[in-house]
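Enquirer: Provided below for reference: sequence and predicted model.
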Amino acid sequence: MKRPVFWFVVGSQHLYGPEVLDTVAARAAEMAAELESDGAIPFGIVCQNVVTTPGEALKTVREANYDDGCAGLIVWCHTFSPSKMWINGLTELQKPYLHLHTQYNRNIPDRDIDMDFMNLNQSAHGDREHGFIGARLRAPRKIVAGYWRDKAVREKIGSWMRSAAGCRVSRDLKVVRFGDNMRQVAVTEGDKVGAQIQLGWQVNTWPVGDLVREADAVAETEIDALVEEYGRQYTFSTDDAGAVRYQARVELAIQKILGREGAGAYTNTFEDLHGMRQLPGLASQRLMEQGYGYGGEGDWKVAAMTRVMKAMTEGMGGGTSFMEDYTYDLEPGRELSLGAHMLEVCPTLAAGKPEIQVHPLCIGGREPPARLVFEGKAGKAVVVSLIDMGGRLRLIAQDVECVKPVYEMPNLPVARVMWRAEPDLLTAAHAWLLAGGAHHTVLSYDATAEMMEDWAEMTGIEFVRIHKGTTIEALKKELFFADVAWKLR
Ligand code: MN
């Protein structure tokens, strides 16, 4: 992923004389540099010239639109900056937009405050003028209010930057589909043309035969090297070296195809394994660990979302994976969901060292596949699903608390994660079903519902959050009114 930068654009006007504008420019540079050096800020911040005229606003926006390295604008008005001068610029803006509502000084300098100070430090009302034009233009934007040196403010900016980075990855994401989606399944279908228009995703198909040919061409020496790497990273709990070597072969083959196509995600399906000896298990887990998106049963939406969320959370270290609510533990008052899949859970979720095991798979009709088996970490996470509502996409985010699995489950031959959903599993499941969330999801310890909401706003899709305060009564109304509103848009 190319490291994006964000432009720090400070608004003012020519009413106060050149000295004030010099001070504004110097402080803008100081703030941009200090923000960038903060650990909560994951990407670069580049200070731009102070915007004082309609022409400068338009020029800045046009340059931002055409600069590939620019992932978004952070705008703040140090003084008053009449908003009609921003209209021609903002109506052309194609990059994510954050309105930072702050001021240079934290406190009012009691004895020193005079009219010079008042002329220079006007964001309390200058930003209101800027907020109005954002609202009047219906511009999608993030507002962060607070003192710019405060940790909470910087964390909010950092989180929004990650959403914007996800937006940028989305715009040129290619998804390779090996085979179609599983027969008769509804939620893995969807309007691919619509998704490309909305999100930029290029979703296309490749025959499984191409993957088989690529796998056949992988050299034994490449497999030797990869199996050695497996030995360093995982514990071998199998004698079936041949099964493991086959997964290594498939991992290398898929990686080559994705590299050649410039793709960041892929899908496959157990219903189309023509010419393959095993369903990719270990191979898909390893590719997710490297940052690729994956979707089982041809689910291209979840594959792309996995890639986007991995890109958003790069470097955070918590873990993000393709996931599925598999089965429940319905102990009254402490209901838990067991998340797993047939094979494909990303080892970035693992609490300990994953084990390579080989077991038969009752579906797909192929040889027993090698896979990584592990327990997921405990901690706060978000579970996300993107669905096609017909005419629009809906993103659903569910707040969860992962726990150390409450059972050992020694005969369960797949990776497993257990969580308590907010506000409780039964309400959450009820809400999920009402909203139409898929069985396939992305689980991330790093992403938050706020990050996903910002991404949904940037990409112009519907967002539904299931959280601590969710009630079925309120959600029913929200979904009903949202449906009407989205049809009017
Ligand atoms: Mn599935």
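Expert: Cool, the structure landed.
Enquirer: end-to-end on stretch 93-106?
Expert: End-to-end span of stretch 93-106 (C-alpha to C-alpha, to the nearest Å): 31 Å.
Enquirer: Show me which residues of it are buried.
Expert: 93, 95-104 (16 or more other C-beta atoms under 10 Å). C-beta here means a position set from N, CA and C on the backbone, and glycine is covered the same way.
Enquirer: export these to CSV and tack on distance to the ion?
Expert: Listed next are the buried residues of stretch 93-106 as CSV, based on distance: C-beta to the ion, whole Å:
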residue, distance to the ion
Leu93, 39
Lys95, 35
Pro96, 32
Tyr97, 37
Leu98, 36
His99, 40
Leu100, 42
His101, 44
Thr102, 45
Gln103, 51
Tyr104, 52
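Enquirer: export the residues you listed to a markdown table and tack on secondary structure and pLDDT?
Expert: Listed next are those as a markdown table, based on DSSP: H, G, I helix; E, B strand; the rest coil; pLDDT from 0 to 100:
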| residue | secondary structure | pLDDT |
| --- | --- | --- |
| Leu93 | coil | 98 |
| Lys95 | coil | 98 |
| Pro96 | coil | 98 |
| Tyr97 | strand | 98 |
| Leu98 | strand | 98 |
| His99 | strand | 98 |
| Leu100 | strand | 98 |
| His101 | strand | 98 |
| Thr102 | coil | 98 |
| Gln103 | coil | 97 |
| Tyr104 | coil | 98 |
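Enquirer: Downstream of the host helix or strand of Gly259, the next helix or strand is which one?
Expert: Counting by DSSP states H and E, the element that carries Gly259 is helix 241-261. Note on helix 241-261: by DSSP H and E, the next helix or strand toward the C-terminus is strand 265-267.
Enquirer: residues making contact with that following strand?
Expert: With contacts defined as C-beta atoms under 8 Å, 6 or more residues apart in numbering, strand 265-267 is touched by 173-179, 181, 254, 257-258, 287, 292-300, 303-304, 306-307.
Enquirer: Where helices are concerned, which of the residues you listed count?
Expert: Using DSSP state H, the members of those that fall in helices are 254, 257-258, 287, 300, 303-304, 306-307.
Enquirer: So which residue is smack in the middle of this protein?
Expert: Centroid-nearest residue in the chain: Met309, 2.7 Å away (criterion: C-alpha atoms, centre = their mean).
Enquirer: So that one is in contact with Thr320, correct?
Expert: Yes: the pair Met309 and Thr320 qualifies as a contact (C-beta atoms under 8 Å) at a distance of 5.1 Å.
Enquirer: anything in contact with each of these two?
Expert: Listed contacts common to Met309 and Thr320 are 442, 444, 447; contacts here mean C-beta under 8 Å, 6+ apart.
Enquirer: How much space separates the first one from Arg465?
Expert: In this structure, Val442 and Arg465 are 15 Å apart, going by C-beta to C-beta, to the nearest Å.
Enquirer: Please say which of those two ends up with more neighbours.
Expert: The residue with more neighbours, out of Val442 and Arg465, is Val442; 30 against 22, by other C-beta atoms under 10 Å.
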